[in-house]
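Undergrad: Here's a sequence, model it:
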Amino acid sequence: MIRSLALLALFVAAPVVASVSVVDDAGRTVTLPAPAHRIVSLAPNVTDALFAAGAGAYVVGTSRFTEYPEAARKVPVVGDATMIDLERIVALKPDIVIVWKSGNAASQVEKIVRLGIPVFYAETTRLADVAAATRRFGVLAGTSDAAMKSAQAFDQSLADLRKTYAGKKRLKVFYQIWDRPLMTIGHAQIIDDAIALCGGTNVFADL
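TA: Numbering: from 1, shown residues only. Modelled structure (predicted):
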């Protein structure tokens, strides 16, 4: 009887870890048995948003060209947009791998999926998407409180910039990405969104 009561007490005292479910930018519902505390990020912008969401301590792998925040530079690099080190990712034992929907090679991502590792597709094409992504990452990592504060601060900064430049004369802008061949950006780019927010007009916004 005493042993049974002791076991019951341990059961009641044990923390209940709830599963988490989030819809990614591919329209898939991704469900984890518990918040992700080992996360591999395959895009610099994803890593940035994870740190903003308060999940920086849980990022165990990043992509090449990740430079922000400073702490992210210390995280092991496992690949880039075109090629990933699959063996290194597996060795990191991630709870989830967050990929750039339109940037990471589909064939590479499929290899991760076939290994049974949960994959979350993220896509931020407009500035408004950044706060939304931050909130979702907070849910995935169990850091929703920090993520919500960061997302609210980001949204407020956008609102402040819109107010600052509202009614002012627009400056025509050509944004050069590369010179050989000459490359620029059209409307469906987050850079175009930033130009418009800060009082500019992308001269190739009709593309």
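Undergrad: shaky segments in this protein?
TA: Within the chain, the set of residues satisfying pLDDT under 70 comprises 1-17.
Undergrad: any idea which helix is longest in it?
TA: What stands out as the longest helix in the chain, according to DSSP state H, is helix 144-165.
Undergrad: List the buried residues of it.
TA: 144, 146-148, 150-151, 154-155, 158, 165 (16 or more other CB atoms under 10 Å). Every residue, glycine included, has its C-beta placed from N, CA and C.
Undergrad: between those, which is nearest residue 73?
TA: residue 150 (19.8 Å; CB to CB).
Undergrad: so that closest one makes contact with residue 53?
TA: Yes - using CB atoms under 8 Å, residue 150 makes contact with residue 53 at a distance of 6.3 Å.
Undergrad: At which residues are the helices of this structure located?
TA: 2-13, 44-52, 86-91, 106-114, 128-141, 144-165, 190-197.
Undergrad: Can you report how many residues neighbour residue 180?
TA: Neighbours of residue 180 under the rule other CB atoms under 10 Å: 5.
Undergrad: coming back round to it: give the residues shared as contacts by residue 150 and residue 53.
TA: Listed as contacting both residue 150 and residue 53 by CB atoms under 8 Å, 6 or more residues apart in numbering are residue 134.
Undergrad: As PDB, could you dump the C-alpha coordinates of stretch 80-95?
TA: Taking Å, rounded to 0.1, in the frame of the first residue of the first chain, the C-alpha atoms of stretch 80-95 are listed here in PDB:
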ATOM      1  CA  ASP A  80      23.700  26.300 -47.000                       C
ATOM      2  CA  ALA A  81      20.800  26.900 -49.400                       C
ATOM      3  CA  THR A  82      22.100  24.400 -52.000                       C
ATOM      4  CA  MET A  83      23.900  21.700 -50.000                       C
ATOM      5  CA  ILE A  84      23.700  20.400 -46.400                       C
ATOM      6  CA  ASP A  85      25.800  18.000 -44.400                       C
ATOM      7  CA  LEU A  86      23.200  15.300 -43.700                       C
ATOM      8  CA  GLU A  87      25.500  13.300 -41.400                       C
ATOM      9  CA  ARG A  88      26.300  16.200 -39.300                       C
ATOM     10  CA  ILE A  89      22.600  17.100 -38.900                       C
ATOM     11  CA  VAL A  90      21.800  13.500 -37.900                       C
ATOM     12  CA  ALA A  91      24.600  13.600 -35.300                       C
ATOM     13  CA  LEU A  92      23.100  16.700 -33.800                       C
ATOM     14  CA  LYS A  93      19.900  14.700 -33.000                       C
ATOM     15  CA  PRO A  94      17.500  17.700 -33.800                       C
ATOM     16  CA  ASP A  95      14.000  17.700 -32.500                       C
END
